[in-house]
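Asks: build me a model:
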Amino acid sequence: MKDVRAVSVMYHGRRVGTLSMGNRYCCQFEYDKEWLNDGFSISPLLLPLKTGLFTADYHPFNGNFGIFEDSLPGGYGEYLLQKMMRREGIDYRSFSPVQRLSIVGNLGMGALCYVPETKVALSFREATLDEMQQMALDVLSEKTEDNIDLLFSGSCNSGGVRPKSIVHTEDGHWLVKFRHTYDPKDIGRQEFHYNELARRAGIEVPEFKLFEGKYFATRRFDIGSQGERLHMATASALLNEPIRPPKMDYHTLLQLTGYLTQSADAVEQQFRRMVFNHYARNFDDHARNFSFIYTDGRWRLSPAYDLTNDQTLGEHATTINFKGKPTDEDMITIGMNIKMSRQRCQQIIEEVRNVLKEDI
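Replies: Numbers count the residues shown, from 1 in each chain. Prediction:
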């Protein structure tokens, strides 16, 4: 496989800039001159829209910039890609960030694409959801390595540990989740119920439904109403925050929300999500599970996603007032630090708790 040392970062067919391996370990990025004239910062805190060469820190993304790390497959997608490369006698772990992005090409989530592309052999054929589920279980349980390329092409580099596939129907683009080997068989219905509760609690969630009565699916919010791909960035990317180990605090997340969106409503919504995650016992609230979308010349908070009852960590991945097991007063402190009133914080806590108290 060719040793790609630089890629052009593209957005809707325009060159945003060039990403290269500045030295053996760390990436460098420079905006294109034309993009500087009328483009936007793809990562306002770390890559402001200005001339000059930016050099990434080695930590926490092995020399990559957070915004481009978002484009790479994580969890399930990376697991499949490593197996595909290993089958060809290639160690994916030895690849530089630029080489990995070259493999992503235009298959990532969000709007950023990378050229030149390093093509990998992928299978494209029709498969039912039941077939996709069984194929994923067989691969994850190490029974076989058949159909790895088919599973990878279907996942579109989406992150997270659970198997996923992109499905296109007459009414849009959907991200369908399958169960992992350790998940209960009704995990899809469980996540559907969680999203119903979240919506009742005032959380903005994407449109969601169950395919075939069992596979949970959400409408892709990185695709606009006209089918255009939208630029998206996770809190992890924007803050250069790793998820292993997780160390973000909700105070930082709410500050980021206010700074990017300039919207008190968005800050309140993020506060509400913190309260929901706490009372719904969603401890998997790490920095890649919060995103922002750039559209119509401004940043806005993305819909909430990956809302499940995940208590495997034992405490929140994102701390609340620097505590993994917080109290109501800790949440109120977070809100008041971002200029919400105590009364409003208490009101939101009560609204969310009233929805959840009989269901969780």
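Asks: got the buried residues for the one helix or strand Leu254 maps to?
Replies: Secondary structure assignment for Leu254, by DSSP states H and E: helix 250-261. For helix 250-261, burial by neighbour count (16 or more other C-beta atoms under 10 Å) applies to Tyr250, His251, Thr252, Leu253, Leu254, Gln255, Leu256, Thr257, Gly258, Leu260, Thr261. C-beta: built from backbone N, CA, C; applies to glycine.
Asks: give me the domain ranges for the chain.
Replies: Annotated domains of the chain cover 6-115, 129-219, 231-356 [automatic domain parsing].
Asks: for stretch 338-358, which outside residues touch it?
Replies: Stretch 338-358 has contacts (C-beta atoms under 8 Å, 6 or more residues apart in numbering) with 197, 200-202, 251, 254-255, 258, 267-268, 271-272, 275-276, 279-280, 328, 331-332, 335-336.
Asks: need the strands for the stretch 201-350 of the chain, in chain order.
Replies: 208-211, 215-219, 231-234, 291-295, 298-301 (DSSP state E, counting those that start in this stretch).
Asks: how about low-confidence regions in the stretch 1-150 of the chain?
Replies: Applying pLDDT under 70 to the stretch 1-150 of the chain flags the ranges 1, 121-124.
Asks: where along it do the strands fall?
Replies: Under DSSP E, counting those that start in this stretch, the stretch 1-150 of the chain gives strands at 6-11, 14-21, 27-31, 54-55, 112-115.
Asks: would you turn the ones you listed into TSV with mean neighbour count and distance to Glu241?
Replies: Output for the strands of the stretch 1-150 of the chain, formatted as TSV (neighbours: other C-beta atoms under 10 Å; distance: least, C-beta to C-beta, whole Å):
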stretch	mean neighbour count	distance to Glu241
strand 6-11	20	21
strand 14-21	19	20
strand 27-31	22	18
strand 54-55	16	18
strand 112-115	21	19
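Asks: can you tell me which of these is nearest to Arg244?
Replies: strand 27-31 (19.8 Å; C-beta to C-beta).
Asks: direction included, what does that closest one pair against?
Replies: strand 14-21 (antiparallel), strand 54-55 (antiparallel) (DSSP bridges).
Asks: please produce CSV containing those strands, extended by distance to Gly63.
Replies: What follows is the strands paired with strand 27-31, written out as CSV (distance: least, C-beta to C-beta, whole Å):
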stretch, distance to Gly63
strand 14-21, 8
strand 54-55, 9
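Asks: of the ones you listed, which is nearest Leu129?
Replies: Among these, the nearest to Leu129 by C-beta to C-beta is strand 14-21 (35.7 Å).
Asks: centre of the chain to the closest one, how far?
Replies: Centroid separation between strand 14-21 and its chain, computed with C-alpha atoms, centre = their mean, to the nearest Å, is 22 Å.
Asks: how far off strand 6-11 does it point, in degrees?
Replies: Strand 14-21 and strand 6-11 are oriented at 150 degrees to each other (axes from the mean of the first three to the mean of the last three C-alpha atoms, to 10 degrees).
Asks: who are the contact partners of Ser41?
Replies: Leu47, Pro48, Leu49.
Asks: so which of the residues you listed wins on neighbours?
Replies: Leu47 (21 neighbours; other C-beta atoms under 10 Å).
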